[in-house]
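Student: Below are the sequence and a predicted model for it; my questions follow.
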Amino acid sequence: MTSEYYQTFFPVDTVYRFLTQHEPLSKREIAFKTDYRYNVAMNKTNFGLILAHGPNEVQVGGVYNKPPFVENKSSVWCVGSELRIDIDDYPECKSCEYKLICARCWAYEMAPRMKKVLAELACYYECQNMQVLYSGGRSAHAWISDESVFYGADDSVRKYFLTQLMSRLKNNNIKLDEAVFTQQAHLTRCPFSINPRGNRVCVAVNLDSAGSPPFVLPKQENELKQSVWLFEQRLPKNGAV
Ligand SMILES: [Zn+2]
């Protein structure tokens, strides 16, 4: 089933465009299991071939000075990554079973939290290149790909950003995953990959229409297509590197 999804529905072209806005795919860390790090896809074809095997996880890390193969580990360093926001802290209700957020909590707890955070980032840091996704589990993710943030924010700068952001949000009591926000090399679930926890797809969402829950299963072709369309609308028009 998983391999069928990656062979048939996974939008390889779109995700490739997203991941190569600043650097070639070969310099990006990809992890096909969270405990099996530093995999590399050399190009789009190679990425598609690996995915066709139906990996249990597809996680994306930072970009490096050269392909971050395990054997290169002593001579590679992270040179940039998207600023990523992961919000999974909200008061779960009884319907949020098996660590999957329910439709009500998504609409009334999660979407408003993420909206507030993104509004602050857009206003204070003038970020424009943003993707918002539902993780497929219990969290909302955002990826900020503006060049100034991608290259200009090492871990210490990100820690400073977080302190500033939290002080501006203090009256809303919103908690972000600190490691995801502050560590350039942190792994984050790849857009449109399957979250094995509940078999839901990690999809792009529109926070302004949060009333309809973004829960999409791998065979829901129409819902997937709509989400891919939304994701593509937010991608800058200039091509990949
Ligand atoms: Zn709930």
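Tutor: It's in. Quick caveat: nothing in here was measured; it's all calculated off a predicted structure.
Student: Now do the contacts for F192.
Tutor: With contact set as Cβ atoms under 8 Å, 6 or more residues apart in numbering, F192 has these partners: 10-11, 14-15, 201-203, 224, 227-228, 231. Placement of C-beta: from N, CA and C, glycine included.
Student: Filter those residues down to the ones in helices?
Tutor: 14-15, 224, 227-228, 231 (DSSP state H).
Student: With pLDDT added, can I get the contacts of F192 in TSV?
Tutor: TSV is the format used below for those (pLDDT from 0 to 100):
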residue	pLDDT
F10	97
P11	98
T14	97
V15	98
V201	98
C202	98
V203	98
L224	96
S227	97
V228	98
F231	97
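Student: any chance of the ones in helices among the contacts of F192 in TSV, with neighbour count and distance to S209 too?
Tutor: Supplementary listing: the ones in helices among the contacts of F192 in TSV, determined by neighbours: other Cβ atoms under 10 Å; distance: Cβ to Cβ, whole Å:
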residue	neighbour count	distance to S209
T14	17	20
V15	23	23
L224	20	17
S227	24	12
V228	20	16
F231	22	15
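Student: ok, how many other residues are close to the residue nearest to G48 when sequence neighbours are not counted?
Tutor: The shortest distance from G48 to any non-neighbouring residue, by Cβ to Cβ, 6 or more residues apart in numbering, is to V12 (4.6 Å). V12: 17 surrounding residues under other Cβ atoms under 10 Å.
Student: Cross-check the contact I'm expecting between V12 and F47.
Tutor: Yes: if you go by Cβ atoms under 8 Å, V12 and F47 touch, sitting 6.3 Å apart.
Student: Next one: the residue nearest to G48 relative to H53, how far apart?
Tutor: 14 Å (Cβ to Cβ, to the nearest Å).
Student: what's around T8, how many residues?
Tutor: 11.
Student: Distance check, it against L51.
Tutor: 11 Å.
Student: Now flag whichever of the contacts of F192 is closest to L118.
Tutor: Proximity of the contacts of F192 to L118 (Cβ to Cβ) peaks at F231, which lies at 15.4 Å.
Student: Get me the contact residues on this structure for the ion.
Tutor: Proximity of the chain to the ion, by Cβ under 5 Å from the ion, involves residues 93, 95-96, 102, 105.
Student: run the last query once more with 6 Å
Tutor: 92-93, 95-96, 102, 104-105 (Cβ under 6 Å from the ion).
Student: In this structure S145 contacts Y151, no?
Tutor: No: under the criterion of Cβ under 8 Å, S145 is not in contact with Y151, lying 10.9 Å apart.
Student: Which phi and psi values does Y36 adopt?
Tutor: Phi and psi for Y36, reported as degrees, to the nearest 10, are phi -130, psi 90.
Student: How far away from the center of its chain is stretch 25-37?
Tutor: 14 Å (Cα atoms, centre = their mean, to the nearest Å).
Student: Look up the closest residue to L83, ignoring the ones flanking it.
Tutor: Nearest residue to L83, sequence neighbours excluded (Cβ to Cβ, 6+ apart): I144, at 4.1 Å.
Student: Nice, that's everything, thank you.
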